[in-house]
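Enquirer: any chance you could fold what I've pasted below:
(chains A, B, C and D)
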Number of protein chains: 2
Amino acid sequence: MTMSNTGGRRKPPTIHDVAREAGVSRGTVSRVLNGGHYVSPAAQEAVNSAIRKTGYVVNRHARSLITGRSDSIGFLLTEPQERFFEDPNFNVLLSSCTQALAAHDIPLLLMLAGTKDERRRITRYITAGHVDGVLLVSSHSGDPVAEELREAGVPLVQCGKPMGSGAKVSYVAADDRDGARDMVRHLLSLGRRRIAMVSGPLDTPGGVDRLAGYKEVLTDAGIAIDERLVVSGDYSRASGEAGAERLLAQAPDLDAMFVASDLMAQGALAALARAGRRVPEDVSVGGFDDSVAALEATPALTTIRQPYDRISAEMVRVLLAQINGEDPMAVILPTELVKRDST
Amino acid sequence: MTMSNTGGRRKPPTIHDVAREAGVSRGTVSRVLNGGHYVSPAAQEAVNSAIRKTGYVVNRHARSLITGRSDSIGFLLTEPQERFFEDPNFNVLLSSCTQALAAHDIPLLLMLAGTKDERRRITRYITAGHVDGVLLVSSHSGDPVAEELREAGVPLVQCGKPMGSGAKVSYVAADDRDGARDMVRHLLSLGRRRIAMVSGPLDTPGGVDRLAGYKEVLTDAGIAIDERLVVSGDYSRASGEAGAERLLAQAPDLDAMFVASDLMAQGALAALARAGRRVPEDVSVGGFDDSVAALEATPALTTIRQPYDRISAEMVRVLLAQINGEDPMAVILPTELVKRDST
DNA sequence: CTGAAAGCGCTTACAG
DNA sequence: CTGAAAGCGCTTACAG
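Expert: Presented below is the predicted three-dimensional model:
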């Protein structure tokens, strides 16, 4: 028992050690490990106390070898990383997915596949069965990785509605269109009538749907859509700044701006400040996301909250269900208007 | 061969399939997989082409079961996550570590252990051998996890100099003290004489060392240290704002601020703007990190660049060496002054 | 240089 | 409810 442990790693106890300690067979130990079905209370008890005593932790490799499952999940980013890492939403998503999985004792493998080469390597790794399923963060349409994984039958859930074909892919998304509607209605309720919009990229669902919500509410209010009031950015801060500048040039009489992400709204705020427009006195500004960027902005941004904690939890739930044989499904979560100082 | 693949996952080829295809034994296949020693060129060739043909990918679980290695690395965060996720440096670190490991075909497991419970669970997981080594991001002194892992003999490298005991732990860090010296010298060269500092937390090495560099240069320049010119924050934006406000109250005649992180400097900039001080005309402001926060700031921040790409690469290199039996080592990387518009 | 064989630590029918 | 046994896919001495 008194093993000389000179810095090296001890050999961990195996199921065999537990069985000996508990006075049962390895099969019985395995049974209590896997749910305790068909095990007598006495054996159950003996095994549990032996596990505590030995400090036994299951060897996942041995288990995976036989079950054919890896008991791990991949978190895959298939686009240039800068975009995601710049975006505060990404952090929230990554950390809450990690936590949701931790609750199931499932480790998360982070996979970055920004280049073609990396995508090939990682697709191979995944299809070889090294993870049981994939949480995919990729907004653009026609992502080849998503398609390949789907064809290979890898359980998959996307964050955000996929643009592409109506293929049966699971996804979890906030209700972009409804969020946009809420924001524009709020702006209208403030008496604003020349409401501009900086949308997201129009090859992403968030870009398209938020713009659609904007147009819908204005039209319903009897306000004609003025194309000079609409520009689009790429969700980066810089593009929000450029977009706002363009709007100020095209439509100097604007009295509100709905910007499709908080980060872009930060940029818009900078452009407005430079142009000498006061926020919210002269121009009301609404963002989208309710990320830390909304609070960091000056003034603090009125925005549409995307429930990223719930999104992550649902992504994990849907993926786990799919791994267990359930069919794909889409989950749409409601957003919420958060009023702060910019409107 | 024409297996009906109704959406399910095909059973991947095994070493046995490759052996049959190549007309050799499984042992020989394994040998070429593991470096090709003691294999004839002909066999080598046959096996490689069989691998291509079958699309074989090694089953890591089977391999790990026998080698006793997991062929994966953990990236462990032992503090409340908000801190790290708010900090843009963290993203850079995480993504470049992932990439550095990908080059070795080693997957990275993300591990968040913000609470005591999680720390216990994860320590257990790690010491059970589920990862071969750990990249640890934890700045505070006396982190119990670091200590436990070290005692268990788990290969470990920390990001940043550990505060605690002079224990033999590997770490990789930027030269904080030297970076601080460069910044303060730069401020002096601009003619500034009432240079204030917002330091980091004084229970972190970055907090202590950057402050030491500041004091050293001033003293060398024959300027007495004025304690009213020194406050400390916790690296958050808010604490930078609060710190700058305190400085302005305590020492209204200050003509420069050296702020120990770009994020805090953003906050300081906001406080200065509110106080009506122009940057850099009235007050020169220097940051630290050269994170995206430096570029997002208005005006763009003069700062000290921490080479996070190199830091990550070195962390991975040192960890891999340690896994292969090498002794721990510390690596200190030089910083660089980046001049922008705030000084 | 190469094949046959043992064994890594676990799970799971199969008998009882 | 429980034990004995087979087998998951690989690596590695061991003979040749």
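Enquirer: show me where chain A has its helices.
Expert: In chain A, the segments counted as helices under DSSP state H are A:15-22, A:26-33, A:41-54, A:60-67, A:81-86, A:88-102, A:116-125, A:144-151, A:176-189, A:205-220, A:237-250, A:262-274, A:292-296, A:308-323.
Enquirer: in TSV: those helices, plus mean pLDDT.
Expert: Output for these, formatted as TSV (pLDDT from 0 to 100):
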stretch	mean pLDDT
helix A:15-22	92
helix A:26-33	92
helix A:41-54	91
helix A:60-67	92
helix A:81-86	68
helix A:88-102	86
helix A:116-125	86
helix A:144-151	85
helix A:176-189	98
helix A:205-220	96
helix A:237-250	96
helix A:262-274	95
helix A:292-296	86
helix A:308-323	94
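Enquirer: of all the ones you listed, which lies closest to residue B:68?
Expert: Closest of those to residue B:68 is helix A:60-67, at 9.1 Å (criterion: Cβ to Cβ). (Glycine included, C-beta is placed from N, CA and C.)
Enquirer: related to what we said a few turns ago, now the helices of chain A as TSV including mean neighbour count and distance to residue B:110?
Expert: Converted to TSV, these look like this (neighbours: other Cβ atoms under 10 Å in any protein chain shown; distance: least, Cβ to Cβ, whole Å):
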stretch	mean neighbour count	distance to residue B:110
helix A:15-22	19	28
helix A:26-33	18	26
helix A:41-54	16	27
helix A:60-67	17	16
helix A:81-86	18	14
helix A:88-102	22	5
helix A:116-125	16	15
helix A:144-151	18	20
helix A:176-189	21	28
helix A:205-220	20	25
helix A:237-250	21	26
helix A:262-274	24	23
helix A:292-296	21	20
helix A:308-323	20	13
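Enquirer: so which of those gets nearest residue A:132?
Expert: Closest approach to residue A:132 among the helices of chain A is made by helix A:308-323 (5.1 Å; Cβ to Cβ).
Enquirer: close to DNA strand D, is stretch A:43-59?
Expert: Yes: contact of stretch A:43-59 with DNA strand D (Cβ under 7 Å from any atom of the strand) involves residue A:43.
Enquirer: got a list of contacts for that stretch?
Expert: For stretch A:43-59, the surrounding residues in contact (Cβ atoms under 8 Å, 6 or more residues apart in numbering or on different chains) are A:12-15, A:17-19, A:21-24, A:28-29, A:32-33, A:36, A:39, B:65, B:124-125, B:127-129.
Enquirer: up against DNA strand D, what does chain A have?
Expert: A:24-28, A:31, A:37-40, A:42-43, A:62, A:65-66.
Enquirer: switch to 6 Å and redo it
Expert: Residues of chain A lying near DNA strand D by Cβ under 6 Å from any atom of the strand: A:24-28, A:38-40, A:42-43, A:65-66.
Enquirer: among the helices of chain A, which comes closest to residue B:236?
Expert: Nearest to residue B:236, of the helices of chain A and by Cβ to Cβ, is helix A:292-296 at 10.4 Å.
Enquirer: tell me how far the closest one is from the chain's mean position?
Expert: From the chain centre to the centre of helix A:292-296 is a distance of 18 Å (Cα atoms, centre = their mean, to the nearest Å).
Enquirer: can you spell out which helices and strands pack onto that helix?
Expert: With contacts taken as 3 or more Cβ pairs under 8 Å, 6 or more residues apart in numbering or on different chains; DSSP states H and E, helix A:292-296 sits against helix A:262-274.
Enquirer: which strands and helices lie in contact with the helix it packs on?
Expert: Contact analysis of helix A:262-274 by 3+ Cβ pairs under 8 Å, 6+ apart lists strand A:195-199, helix A:237-250, strand A:256-259, strand A:284-286, helix A:292-296 as its packing neighbours.
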